[in-house]
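> I need the structure of the sequence given here:
(2 chains)
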Amino acid sequence: MAIKPLAVTACTVTNALGRGMAASLTALRNEESGLRPCDFEDADLPTWIGRVAGVEEEPLTGEFTAFDCRNNRLARLALEQDGFSTAVRQARDRYGAERIGVFVGTSTSGIGATEQAYRNRDLATGCLPATFDYQHTHNLFSAADLTRRWLGLNGVALAISTACSSSAKAFASAFRHISAGFCDAAVVGGVDSLCLTTLYGFNALGLASTQVCRPWDRERDGLSIGEAAGFALLEWAEPGDGCIRLLGYGESSDAYHMTAAHPEGAGAALAMEQALARAGLPPEHVDYINLHGTATPLNDAAEDKAMLRVFGTGAPCSSTKGWTGHTLGAAGIVEALLVGLCLEQGFIPGMLNTRHRDPNLGAGVVLHNREQTLRIAMSNSFGFGGTNCSLLFGREEG
Amino acid sequence: MSVLHLEAIGLMAPGLVGWERSRAVLAGEQPYQTAPLPATLAMLLPANERRRTTATVKLALQVAQEAMDGMKAQWQTRRDCMPPTVLASSGGDSEVLNKICMALTEPDRAVSPTQFHHSVHNTPAGYWAIATGCTLSSLSLSAYDGSFAAGLREAAALASTEATRVLLIAYDLPLPFPLAERRTIVAPFAVALLLNPAPINERLALLRIKPGCSGTADRLESAELEQLRAGNPAARSLPLLCAIARRRAGPIALDTGDDAILGMEITP
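Numbers count the residues shown, from 1 in each chain, chains lettered A, B, ... in the order given. The predicted structure is shown next:
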């Protein structure tokens, strides 16, 4: 039996395409990438990144000074777009501040603050500078903590950190908390920002492309790291609300390897199948699938196998990472919200930068934007440690 | 109200080596005496992996293994009997993060691929899935000092919504210098709870988890145990563990930081 759907009653995203949902929609429509050659801090790396412009100039101040770091600045920037904070305040008046949960996915949180503190250690003692605040910057909970304080909420709050599936799983966790009665509504989100740890880490693994990432391309050679923050307000769907609905979610573990995806995509397929089962829908009802599609040779190959197992060759699918880069722990919410735009606007985004489809991959990838009425769409997010999450969204029926 | 039947516990901290051996101390029948952790933990990992992996992974997997020990004969042959997992830890593997941040201070910024692999918060979850073959969902979370309570709430929500047993694993370890100066965790502590939403024949306790976050948190009588409770986010489970050890019935209020609590009723 299908789960009771949740409605996305407000949402916002800030990424390399700009601030707010409209910036993402315009760039998607115009097939304009947000990626640029790496110009983050003093990182000297031959790679492309999806940096959000202006984060450097907008510190957190006043009562939020302790939270000031790139990750939390990005969170705050996003919270103030699209009327999101106002929508949550109105919901708070309806439900009460204790009854709206906060579920924020992040992979590296504000580790950038720790990187800087280490570089500024006292040479004699090795101690970190007195200004460094671990709890409110680096700790994984800090963005969730900032979010609830910024929005004036004091109920359930947690950070979900499962690498690149983090903010997709935030939807699943929020659904469970609401279903179990721990809250009545939820702010779900994801925030991950550029830092030296991920830039140098992915380069050390040989997984960062020297060009813009090209998912499903026969010459794909890695990912482009991006940064983003996105949030959605989830409430039980009401007839006539006109909102995008969360129809299903699926989660699985590869139980295969810490960093390599299962070669047959078994865990990915399991997550997609579970999402369909929770929605009570057969695969042929899905009009579009937003792939995880990082553009690393092995990840795309594994996801392709999973797609073939669940959907066959026919289902239209694409990865939007050529626009935003791989925003890691924020990828789940970013792509969920892009899927929402596609459902509302009736189009399928292509795969920016992908020129020659890999002949060894069989999924029905769409290379160029196309107009098409969509009713139901899926978003895939998979991460290190073999963690998989698929979300299924739909427009209101009728 | 979420109802959970507690099937098994795994526990590891200085002087609290396994649930059965710690019961008398937690019940107040024996004094708490700190002692170094056993040299060998997480024997379910193959020897080569155990050598490669970190103290954090070993501590988390040790308590998971203990909580599932009663099922060992089954899970070694029938992988489908393993439950989904929830892992709760304030800061994850700070040893790994420390090494990465140190490497980034060097001119070549050579981050070790192995360290980077292990830097994600869900590394113990990944090792557990690989060791047990369990392909079900796993959620790794943090809520700073409220991490155990957030984990228990997530486990309760998962158990009731998806009608499944859940293995909750909470762990935190002292941070290395220089991070230790900005985040005090006094000793390593890990606990695992195997929770079932359906009644079972032999239970350790029945937990009725309440919604709501306001109230006054429980403290412990023993000064030594109270110091541990306040000094490690995973050890904020101690009021619950002590009540179970005493086979006490009544309300429990776990400290989640920020003057908030997770409330529950427990019955032996």
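
> quick check: next helix or strand after the strand or helix carrying residue B:21?
Element membership for residue B:21 (DSSP states H and E) is helix B:19-26. Counting by DSSP H and E, the next helix or strand C-terminal to helix B:19-26 is helix B:47-52.

> about what we covered before: got the buried residues for the helix holding residue B:21?
B:19, B:22, B:23, B:25, B:26 (16 or more other CB atoms under 10 Å in any protein chain shown). The way it works is simple: take the backbone N, C-alpha and C, and place the C-beta from them, glycine included.

> any idea how far the last one is from residue B:16?
Residue B:26 is 8 Å from residue B:16, where distance means CB to CB, to the nearest Å.

> mean confidence score for the helix holding residue B:21?
Mean pLDDT, helix B:19-26: 98.

> which helices and strands does it pack with?
Applying 3 or more CB pairs under 8 Å, 6 or more residues apart in numbering or on different chains; DSSP states H and E, we find helix B:19-26 packed against strand B:2-13, strand B:16-17, helix B:238-245.

> nearest to chain A, out of the ones you listed?
strand B:2-13 (5.4 Å; CB to the nearest CB).

> does chain A sit close to that closest one?
Yes: judged by CB under 8 Å from any CB of the partner chain, strand B:2-13 and chain A are in contact via residue B:2.

> gap between that strand and the chain center?
Counting by CA atoms, centre = their mean, to the nearest Å, strand B:2-13 is centred 10 Å from the centre of its parent chain.

> and that strand, what does it pack onto?
Strand B:2-13 packs on helix B:19-26, helix B:55-67, helix B:147-162, strand B:189-196, strand B:205-209, helix B:238-245, going by 3+ CB pairs under 8 Å, 6+ apart.

> redo those as a markdown table? Include distance to residue B:171.
Output for the helices and strands packed on strand B:2-13, formatted as a markdown table (distance: least, CB to CB, whole Å):
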| stretch | distance to residue B:171 |
| --- | --- |
| helix B:19-26 | 15 |
| helix B:55-67 | 5 |
| helix B:147-162 | 9 |
| strand B:189-196 | 4 |
| strand B:205-209 | 20 |
| helix B:238-245 | 14 |
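
> wait, which of the ones you listed is closest to residue A:390?
When the helices and strands packed on strand B:2-13 are compared by CB to CB, helix B:147-162 sits nearest residue A:390, at 15.4 Å.

> ok, residue B:99 - contacts?
B:112, B:115 (CB atoms under 8 Å, 6 or more residues apart in numbering or on different chains).

> quick one: it is in a helix?
Yes: under DSSP: H, G, I helix; E, B strand; the rest coil, residue B:99 falls within a helix.

> residue B:23 contacts residue B:245, doesn't it?
Yes: the pair residue B:23 / residue B:245 is scored as a contact, 4.8 Å apart, by CB atoms under 8 Å.

> so the residue minimising distance to the centre of chain A: helix, strand or coil?
In chain A, the centroid-proximal residue (CA atoms, centre = their mean) is residue A:331; its distance is 2.1 Å. Recorded secondary structure, residue A:331: helix (three-state DSSP).

> pretty sure it is touching residue A:162, no?
No: using CB under 8 Å, residue A:331 is not in contact with residue A:162; the gap is 11.6 Å.

> state the helix or strand in which the nearest residue to residue B:84 once chain neighbours are set aside lies.
Computed as CB to CB, 6 or more residues apart in numbering or on different chains, the closest residue to residue B:84 that is not its neighbour in sequence is residue B:136, at 4.1 Å. Counting by DSSP H and E, no helix or strand carries residue B:136.

> who are the contact partners of residue B:136?
Contacts of residue B:136 (CB under 8 Å, 6+ apart): A:251, A:252, A:253, B:82, B:83, B:84, B:85.

> and these, which two are furthest apart?
Pairwise distances across those peak at 14.5 Å for A:251 and B:82 (criterion: CB to CB).

> pick out whichever of those two has more residues nearby.
Per other CB atoms under 10 Å in any protein chain shown, whichever of residue A:251 and residue B:82 has more neighbours is residue A:251, with 27 against 22.

> partner residues bridging the more buried one?
Counting by DSSP bridges, residue A:251 forms beta bridges with residue A:389.

> that one contacts residue B:135, doesn't it?
No: between residue A:251 and residue B:135 there is no contact under CB under 8 Å: 10.2 Å.

> residue A:286 touches residue A:376, doesn't it?
Yes: the pair residue A:286 / residue A:376 is scored as a contact, 5.3 Å apart, by CB under 8 Å.

> so what sits against both of these two?
residue A:392.

> quick one, which of the two is more surrounded?
Neighbours were counted for residue A:286 and for residue A:376 using other CB under 10 Å; residue A:286 has more, 25 against 20.

> tell me, what's the model's pLDDT at the more buried one?
So residue A:286 comes in at 98 (pLDDT).

> got the phi and psi for it?
Backbone torsions of residue A:286, given as degrees, to the nearest 10, read phi -90, psi 120.

> any idea how far chain B is from it?
Distance, residue A:286 to chain B, using CB to the nearest CB, to the nearest Å: 21 Å.

> what is the neighbour count of residue A:37?
Neighbours of residue A:37 (other CB under 10 Å): 12.

> OK, contacts around it?
Contacts of residue A:37 (CB under 8 Å, 6+ apart): A:47, A:48, A:49.

> could you check the angle strand B:189-196 makes with the strand or helix carrying residue B:128?
Of the helices and strands defined by DSSP H and E, residue B:128 is found in helix B:123-132. When axes from the mean of the first three to the mean of the last three CA atoms, to 10 degrees is applied, the directions of helix B:123-132 and strand B:189-196 differ by 60 degrees.

> what's the average pLDDT for helix B:123-132?
The average pLDDT for helix B:123-132 rounds to 95.

> what about the helix or strand following it and chain A, any contact?
Sequence order places strand B:138-142 as the next helix or strand after helix B:123-132, per DSSP H and E. Yes: shown here: strand B:138-142 in contact with chain A (CB under 8 Å from any CB) through B:138, B:139, B:140, B:141, B:142.

> chain A: which of those residues is nearest?
Set against chain A, the nearest of the residues of strand B:138-142 next to chain A by CB to the nearest CB is residue B:142 (3.8 Å).

> ok, that closest one to residue B:239 distance?
21 Å.

> same check, this time on residue A:165
33 Å.

> for residue A:283, same thing?
Distance from residue A:283 to residue B:239, by CB to CB: 48 Å.

> looking at these two, which has the bigger crowd around it?
Neighbours per residue (other CB under 10 Å) separate residue A:283 from residue B:239, with residue B:239 holding more: 21 against 17.
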